[in-house]
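Colleague: I'll drop the sequence and a predicted model, then ask my questions.
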Amino acid sequence: MDNSPATHLTRRRALQVGGLGAVGLDLPGLLAAETTRPVDPPAAKSCILFYMEGGPSHIDLWDMKPQAPAEVRGKFRPISTSLPGITLCEHLDMWAPRMRHLAMIRSATHDVNDHNAGTYYALTGHHPLKGSRLTVAPSPDNHPPLGSVLAHLRPSDQLVPDFVHLPEVMFNNGHFIPGQQAGFLGDACDPFVAGNPGLPGYRAPGLGRIGTLDETRLQRRQKLLSLVDQVGRLAVPTPTGTRLDTFYEKAFSLVASPAAHRAFDLAEEPESLRRRYGLGFVPRQPVRKGGGLPCLGQGLLLARRLIEAGVRLVTVCSGLRYDQSWDTHRSHYPLLEKSLLPFANRAFAALLDDLDERGLLDETLVVAMGEFGRTPKLGQITSGAGAEPDGRDHWPHCYSVFLAGAGVKAGTVYGSSDRHAAYPAENPVGPADITATIYSLLGIDPQARILDRLDRPHTISDGTPIAGVMA
């Protein structure tokens, strides 16, 4: 047996020795994985996922029950929309005329009452219960989220990241929330976390060179990395080896490419459009002190720029890392009126209009959802966080999800809730069905199988596409 160092310099070890840090890039590591391309052309080329972390109150916003008792119906009044017989909350007056673009699912339901585990369920479509424990933290054994699966199965051929997450990685109860990172698909499919575009002078982190590297030094390091990579490839060839060079080239190109930098440059947008989405406010106050969601408008505008540049999926969270912005156990109505609805109302309406005006709505899937809804009865306690008399606690048993754009049956309301919006009355669907629908609209078979770190196959979704919302 040859015990020379070259024989034992595996491809993975070669990457550890000569990784992207050695060439002066501060992008996350880009590793290749075998790609299975869909056979059928997709309805949607890309997806914008507006994630309302914390759980928005469906009964106060878009599944209102004005005939219910006061402790159920709450204080907001319903207004008409562009869909006959369908109402929304009075504070969503900019959403109301745009309902014609949307398919609304009013019968989403599951059994997970925890933010972390509920988010994992919503973003991966896989139930978070493993044995007797809920998945509440990241793990290399976790199932990957939608964006990571897209990065794996449908990598972009443009010089942009495949999967972008805005503004920050969500954190709650001592853990980064699972379902945001690629899990068993590995670092290559992690999102590019692009920071808060609501800040003045925003620049995407990780796209610049280390300051001391000029073009000549950068190219020398690229050549060195290529040599190290060749050693690993000759020593221990792997099925993924043929694709690693593509990832390296993409990483170098992202740093050097003016087009990639322009995709993240909001200064190229006219100020009138930036204001239409909603500009950020500085200094920022926490959501629960009335600071609102100043990153949201610019986040959704940046998402439009990114999918226009070729990014496959952009997740835009409402708030920053610790906000859990829609988690309104206390000061429920003041927070909705002051901190949440003014921003969400304006920004989401602007996104739909902007996509439509640019002809992008015909090729882009837009999804708006949270991990669950809120209790049907004010003051009802379902979690350790409790609720004040006019607050609403966690409620996964019934909530609403919105879809718009490519392949979506616009102007559709699917399913319904009972008289108190407590449980589905017809056509219940779960997170697995929602992710299966998203995959289908993006041209990926929900029954497609991907391999984990031990080469064990996993179906990307256990759900059934919801035909009633698909054109």
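Modeller: Received the coordinates, thanks. Numbering: from 1, shown residues only.
Colleague: And the helices in the chain, which stretches?
Modeller: 5-8, 11-17, 58-61, 70-73, 115-124, 146-153, 215-235, 241-256, 258-263, 271-277, 296-309, 332-334, 341-357, 431-441 (DSSP state H).
Colleague: on contacts alone, who are the packing partners of the fifth one?
Modeller: It refers to helix 115-124. helix 431-441 (3 or more CB pairs under 8 Å, 6 or more residues apart in numbering; DSSP states H and E). For every residue, glycine as well, the C-beta is placed using N, CA and C.
Colleague: who's in contact with the helix it packs on?
Modeller: 42-44, 47, 105, 108, 110, 121-122, 124-127, 146, 149, 365, 367, 369, 401, 403, 406-408, 445-446, 448, 460-466, 469-470 (CB atoms under 8 Å, 6 or more residues apart in numbering).
Colleague: so how far is it off the chain centroid?
Modeller: Relative to its chain's centre, helix 431-441 lies at 14 Å (CA atoms, centre = their mean, to the nearest Å).
Colleague: Just the buried ones among the contacts of helix 431-441, please.
Modeller: Neighbour counting with 16 or more other CB atoms under 10 Å marks 42-44, 47, 105, 108, 110, 121-122, 124-127, 146, 149, 365, 367, 369, 401, 403, 406-408, 445-446, 448, 460-463, 465-466, 469-470 as buried within the contacts of helix 431-441.
Colleague: now, which of these lie within strands?
Modeller: Applying DSSP state E to these, the entries found in strands are 47, 105, 108, 365, 367, 369, 401, 403.
Colleague: Can you check the pLDDT for the residue nearest to residue 345 when sequence neighbours are not counted?
Modeller: Spatially, and ignoring its direct neighbours in sequence, residue 345 is nearest to residue 94 (4.8 Å; CB to CB, 6 or more residues apart in numbering). Predicted confidence (pLDDT) for residue 94: 98.
Colleague: Make sure residue 94 is actually in contact with residue 349.
Modeller: Yes. Judged on CB atoms under 8 Å, residue 94 makes contact with residue 349 at a distance of 3.8 Å.
Colleague: List the contacts of the residue nearest to residue 83 when sequence neighbours are not counted.
Modeller: Leaving out its chain neighbours, the residue that sits closest to residue 83 by CB to CB, 6+ apart is residue 99, at 4.7 Å. Taking CB under 8 Å, 6+ apart as the criterion, residue 99 is in contact with 81-83, 86, 88, 411.
Colleague: would a markdown table of those residues with distance to residue 157 be doable?
Modeller: Converted to a markdown table, those look like this (distance: CB to CB, whole Å):
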| residue | distance to residue 157 |
| --- | --- |
| 81 | 39 |
| 82 | 37 |
| 83 | 38 |
| 86 | 40 |
| 88 | 39 |
| 411 | 34 |
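Colleague: Which one of the residues you listed is nearest to residue 166?
Modeller: The closest of the contacts of residue 99 to residue 166 turns out to be residue 88 (CB to CB; 25.1 Å).
Colleague: Now do the same for that closest one: its pLDDT.
Modeller: pLDDT, residue 88: 98.
Colleague: Over to residue 201?
Modeller: At residue 201, pLDDT is 88.
Colleague: just the one 4 residues further on next, same as before
Modeller: According to the model's per-residue confidence, residue 205 sits at a pLDDT of 87.
Colleague: Residue 315 is in contact with residue 166, correct?
Modeller: Yes. With contact defined as CB under 8 Å, residue 166 counts as touching residue 315 (6.8 Å).
Colleague: so where's the stretch 101-250 of the chain uncertain?
Modeller: Low-confidence segments of the stretch 101-250 of the chain (pLDDT under 70): 208-250.
Colleague: buried residues in stretch 410-428?
Modeller: Neighbour counts over stretch 410-428 (16+ other CB under 10 Å) mark 410-415, 417, 420-422, 424, 428 as buried.
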